[in-house]
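S.K.: Using only what follows, build the 3D model:
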Amino acid sequence: MGDFFRNYVKEVDSVPEEIHGLLNDFPNAVFQLSPADLRLVSFNDGDNGSYIVFHSSGEVEAHTESEDSTLVIHLTETETDGVIINQFTYYLTTGEEHDTIQVRVNDEPIPFDLRVAMQQVRRPLF
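M.R.: Numbering: from 1, shown residues only. Okay, the predicted model is just below:
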């Protein structure tokens, strides 16, 4: 894997307020779920980028690789204690060469629990 692929995903310290609000309010108001029930969430910002939010009880390292037209995000969990859920937020950028995103946790594919296009939620949801 070259440096080219390392630039696709990077961990961020904060997210836009509208995403922060959705993470806290949306699950409770719509699905009667806690934020931890949404283990993997994607918020597309409409600018060829997405905030990827992953909840884990351990430490997480992320890297990407390209497999044909699929961008694979590898999340490696270590030291999981099953008690405290931490939120890891990444900003993902994609290009025309990828038409599919796949996330693998410890090499196992997992689906997104929720995908949101931010253009659709710039107005109040509830």
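S.K.: tell me the mean pLDDT for stretch 111-122?
M.R.: Stretch 111-122 shows a mean pLDDT of 74.
S.K.: One more: stretch 91-107?
M.R.: Stretch 91-107 carries an average pLDDT of 89.
S.K.: what's in contact with it?
M.R.: Contact partners of stretch 91-107, identified using C-beta atoms under 8 Å, 6 or more residues apart in numbering, comprise 7-10, 12, 40, 42, 48-52, 54, 64, 66, 69-77, 109-110, 112. Heads up, the C-betas are built off the backbone N, CA and C, glycines and all.
S.K.: among those, which ones are buried?
M.R.: Buried members of these, counted by 16 or more other C-beta atoms under 10 Å: 8-9, 40, 42, 50-52, 54, 64, 66, 71-75, 112.
S.K.: Report the next helix or strand after the helix or strand hosting Val72 in sequence order.
M.R.: Using DSSP states H and E, the element containing Val72 is strand 70-78. The first helix or strand that comes after strand 70-78 along the chain, using DSSP H and E, is strand 86-93.
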